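Asker: below are the sequence and a predicted model for it; my questions follow.
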Amino acid sequence: MSGYSTPAPLELHNVTLEYPDGGGTTTALDRVSLAVPAGRVVSLVGPSGSGKSSLLAAAATLVRPTSGQVIIDGTDTTGLPDKALTALRRSKVGIIFQQPNLLPSLTAAEQLIIGDHLRGKPVKAARKKAAGLLDVVGLSASAGKRPHQLSGGQRQRVNIARALMGNPKVLLVDEPTAALDHERSASIIRLLCQVTSEFNVGTVLVTHDTEFVPLTDAVATMRDGALAAPVLTSA
Ligand SMILES: Nc1ncnc2c1ncn2[C@@H]1O[C@H](COP(=O)(O)OP(=O)(O)OP(=O)(O)O)[C@@H](O)[C@H]1O
């Protein structure tokens, strides 16, 4: 994962994260270092409790590491005030959770547009952008449908398109296929690889489905909070 001239969209340097635990502490992340290059998907695997969600939370700047640095698109987030951190997260990071959490009363297109609308951006441009992204994820024909009219895979596609609305540099994806059958799971992972390359983002994909790992560019394994160096897949 070296040899790239531009800074990686996401870099973690010696990140340690400790949670208070009774009188002591639990070390969720133990000096974790990782660089995710633009246009690449790094799968993150490891047993339950090994620290995968903690790594995503630290990378998303939702928790501050106890020590170490999280660098997003060249900006060291260490010591940034909360307001600046929120602004950086909104402009650079797309987060995709297992459950899409779509708003029941909104159409697929509106799920994408509402974020821009709330941020005071022009609706016309947001509509155009949403239509383009729904096309990328294969949902042009379903732009007017509400969540209950969509399949689980289609809802996850809306979720992916929504995460791309803010032009992120980094995509953080937590178990996106947990609620899907085999075929739909494979197509969602393929779609994540496609948009990662097309939009030149750096993507971290937490997954239990190791069979889909070869579709991604590299795999990094967590154990007891420590991360082994990513291994390139043969895909
Ligand atoms: N908010 C918290 N407070 C205290 N301890 C926590 C907290 N969140 C996570 N931990 C602990 O940190 C360690 C790593 O947890 P984490 O959720 O990151 O693992 P994981 O690999 O994502 O697990 P899973 O695959 O089950 O989701 C565990 O020992 C967990 O109990």
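Answerer: Thanks, I have it.
Asker: before we move on, which element is the residue sitting nearest the centre point of the chain in?
Answerer: Using Cα atoms, centre = their mean, the residue of the chain that lies closest to the mean C-alpha position is Leu172, 1.5 Å off. Counting by DSSP states H and E, the element that carries Leu172 is strand 170-174.
Asker: what distance separates the helix or strand just after that strand from the centre of its chain?
Answerer: Downstream of strand 170-174, the first helix or strand assigned by DSSP H and E is helix 182-198. Taking Cα atoms, centre = their mean, to the nearest Å, the mean C-alpha location of helix 182-198 is offset from the chain mean by 13 Å.
Asker: contacts for helix 182-198?
Answerer: Contacting residues not belonging to helix 182-198 are listed as 39-41, 136-138, 151-153, 156-157, 160, 164, 171, 173, 176-177, 180, 201-203, 205, 207, 209, 212, 215-217 [Cβ atoms under 8 Å, 6 or more residues apart in numbering]. Every residue, glycine included, has its C-beta placed from N, CA and C.
Asker: count the residues that sit near the closest residue to Thr66 other than its chain neighbours.
Answerer: Nearest non-adjacent residue to Thr66, counting by Cβ to Cβ, 6 or more residues apart in numbering: Glu18, 4.6 Å away. The criterion is other Cβ atoms under 10 Å. On that basis, Glu18 has 16 neighbouring residues.
Asker: quick check: which element contains Glu18?
Answerer: For Glu18, the enclosing helix or strand under DSSP H and E is strand 10-21.
Asker: ok, of the contacts of helix 182-198, which come out buried?
Answerer: Buried by 16 or more other Cβ atoms under 10 Å: 39-41, 136-137, 152-153, 156-157, 160, 164, 171, 173, 176-177, 180, 201-203, 205, 207, 209, 212, 215-217, out of the contacts of helix 182-198.
Asker: distance from the chain centre to the strand holding Glu18, please.
Answerer: On the basis of Cα atoms, centre = their mean, strand 10-21 is displaced by 18 Å from the centre of the chain it belongs to.
Asker: same thing with stretch 138-146?
Answerer: In this view, stretch 138-146 has its centroid 23 Å away from the chain centroid, taken as Cα atoms, centre = their mean.
Asker: for it, what is the average pLDDT?
Answerer: With pLDDT averaged residue by residue, stretch 138-146 scores 97.
Asker: pull out the buried positions in that stretch.
Answerer: 139, 142-143, 145-146.
Asker: try stretch 32-49
Answerer: Of the residues in stretch 32-49, those with enough neighbours to count as buried (16+ other Cβ under 10 Å) are 32, 34-46.
Asker: that one near the ligand at all?
Answerer: Yes. Part of stretch 32-49 sits close enough to the ligand to count as contact by Cβ under 6 Å from any ligand atom, namely 46, 48-49.
Asker: could I get the CA-only coordinates of that stretch as CSV?
Answerer: Listed in CSV are the C-alpha atoms of stretch 32-49, where the atom choice follows Å, rounded to 0.1, in the frame of the first residue of the first chain:
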residue,chain,number,x,y,z
VAL,A,32,-3.0,1.2,15.1
SER,A,33,-1.4,2.6,11.9
LEU,A,34,-3.1,2.4,8.5
ALA,A,35,-3.0,4.4,5.3
VAL,A,36,-5.9,4.0,2.9
PRO,A,37,-5.0,5.2,-0.6
ALA,A,38,-7.5,7.0,-3.0
GLY,A,39,-9.5,4.6,-5.1
ARG,A,40,-8.8,1.6,-2.9
VAL,A,41,-11.0,-0.5,-0.6
VAL,A,42,-9.3,-1.9,2.5
SER,A,43,-11.4,-4.7,4.2
LEU,A,44,-11.1,-4.8,7.9
VAL,A,45,-11.7,-8.2,9.5
GLY,A,46,-11.2,-9.7,13.0
PRO,A,47,-13.1,-11.4,15.8
SER,A,48,-15.9,-9.7,17.7
GLY,A,49,-14.5,-7.2,20.2
